[in-house]
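K.L.:
Fold the following and give me the result.
(chains A and B)
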Amino acid sequence: MSIFEICQWIQDSSIGTGIRESTYVFPLIEASHVLGLAVSVGTIAIVDLRLIGATMTDQPVTDVIEQLQPWTLSGFVSMFVSGGFLFWSEAARLYPSYSYRTKFIFLFLLGVNALLFHTTTYKSVDQWNNDAVTPFRARMAGWIGITFWAVVIFMGRWTAYNLK
Amino acid sequence: MTLLQLFKWFDATPISLIIRNSTYIFPVVEVLHLFGLTLLLGTITVIDMRMLGVGMRRQSIAQVAGSLAPWSIGAAALTILSGILLFLSEAMKCYGNAAFPYKMWFLLGGIILYFAVQRKVTSPTSRVSPGTLKVVAVLSLILWYGVAVAGRAIAFV
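P.N.:
Got it, this is the predicted structure:
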């Protein structure tokens, strides 16, 4: 069984078909996807902007990161759950889409970026916590975060236009 | 001039035609609309929640609102400008759309609440009660999330 056939099977399942053909469920799931995006990526953007020295520079980096984390995570849950249901309803149409694949490559790279930042540069945050200008690697992590999230949003929206 | 005539005029501007006749301008402008919306709703949510006493409590309300205000306003400008372009390209579709007027009223309410009330009650010199702050925050959340939900609904109603 190929991946495409698996996607076709997922899409043709009763839940997938039910969502796709619903009057209210599909739009509601899509609305939660956008609202989850705003809360998660909106708060990630605030953290990235602090790292590149563009906002809250008079506040400790740890205050910004620690206090926004619950919001980022709740937004993520909403985005992943709603995204999962959207995929369920259109898996076979999404699987061949290049913009959809690109979106996931960049999501993966964002994960790597966050992991590298938290396991290396962020370990020494006590030394630069109150600095308006953070170390080069922290600024890089911030810039990569902002640009790659922009790519993810672009590719996500583009996917809807590419669906056959 | 009736509202219908006005919308017909919006629908026929040179900008409307350029966007309608292009394959890529509309989606690109819509992505910019989404960038703005993400930052606008994200920052507004953090400010409103801080006013409700949830999250960012190590900073004062004035610190959170003051630091994020330029980003909220910049993001709102991007969202509204891109929104105007999207509107011009499909003004007649918006005219008959049940969700569009709701979105506009929520938007007007959100802007008025922000500039007339929210900025004042979140300033460092503000002396309003926590209860007042909470009412303003709840209203702000309802209005801005109302804009987003009604906006998304335009595509479905």
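K.L.:
What parts of chain B come near chain A?
P.N.:
Applying CB under 8 Å from any CB of the partner chain, one finds that chain B approaches chain A through B:27, B:30-31, B:34-35, B:37-43, B:45-46, B:49, B:55-59, B:63, B:67-68, B:70-71, B:145, B:148-149, B:152-153, B:155-156. Using the backbone N, CA and C atoms, a C-beta is placed for each residue, glycine as well.
K.L.:
which ones among these are found in strands?
P.N.:
Secondary structure defined by DSSP state E assigns none of the residues of chain B next to chain A to strands.
K.L.:
what about burial for those, which qualify?
P.N.:
B:27, B:30-31, B:34-35, B:37-43, B:45-46, B:49, B:55-56, B:59, B:63, B:67-68, B:71, B:145, B:148-149, B:152-153 (16 or more other CB atoms under 10 Å in any protein chain shown).
K.L.:
could you give me the average pLDDT of the longest helix seen in chain B?
P.N.:
Secondary structure of chain B per DSSP state H: the longest helix is helix B:61-89. Average pLDDT, helix B:61-89: 97.
K.L.:
Same question for that helix: list its buried residues.
P.N.:
The neighbour-count check on helix B:61-89 (16+ other CB under 10 Å) flags B:61, B:63-69, B:71-72, B:75-76, B:78-79, B:82-83, B:85-89 as buried.
K.L.:
Next secondary structure element downstream of it?
P.N.:
Next helix or strand after helix B:61-89 toward the C-terminus (DSSP states H and E): helix B:91-95.
K.L.:
For chain A, what's the nearest residue on chain B?
P.N.:
Closest to chain A within chain B is B:Gly42: 1.2 Å, counting by CB to the nearest CB.
K.L.:
Next, the buried residues of stretch A:112-125.
P.N.:
Applying 16+ other CB under 10 Å to stretch A:112-125 flags A:113-114, A:117, A:121-122, A:125 as buried.
K.L.:
Would it count as contacting chain B?
P.N.:
No: Stretch A:112-125 lies out of reach of chain B by CB under 8 Å from any CB, never closer than 15.1 Å.
K.L.:
what about that stretch, start to end distance?
P.N.:
In stretch A:112-125, first residue to last residue: 19 Å (CA to CA, to the nearest Å).
K.L.:
Report the residue spans of chain A with pLDDT below the cut-off.
P.N.:
Scanning chain A for pLDDT under 70 picks out A:163-164.
K.L.:
what's the burial count for the residue of it found nearest chain B?
P.N.:
Using CB to the nearest CB, the single residue of chain A nearest to chain B is A:Gly42, 1.2 Å away. Neighbourhood size, A:Gly42 [other CB atoms under 10 Å in any protein chain shown]: 26.
K.L.:
Which positions within the biggest helix by length in chain A qualify as buried?
P.N.:
Ranked by residue count, the top helix of chain A under DSSP H comes out as helix A:61-94. Going by neighbour count (16+ other CB under 10 Å), the buried part of helix A:61-94 is A:61, A:63-65, A:67-68, A:71-72, A:75-76, A:78-79, A:82-83, A:85-94.
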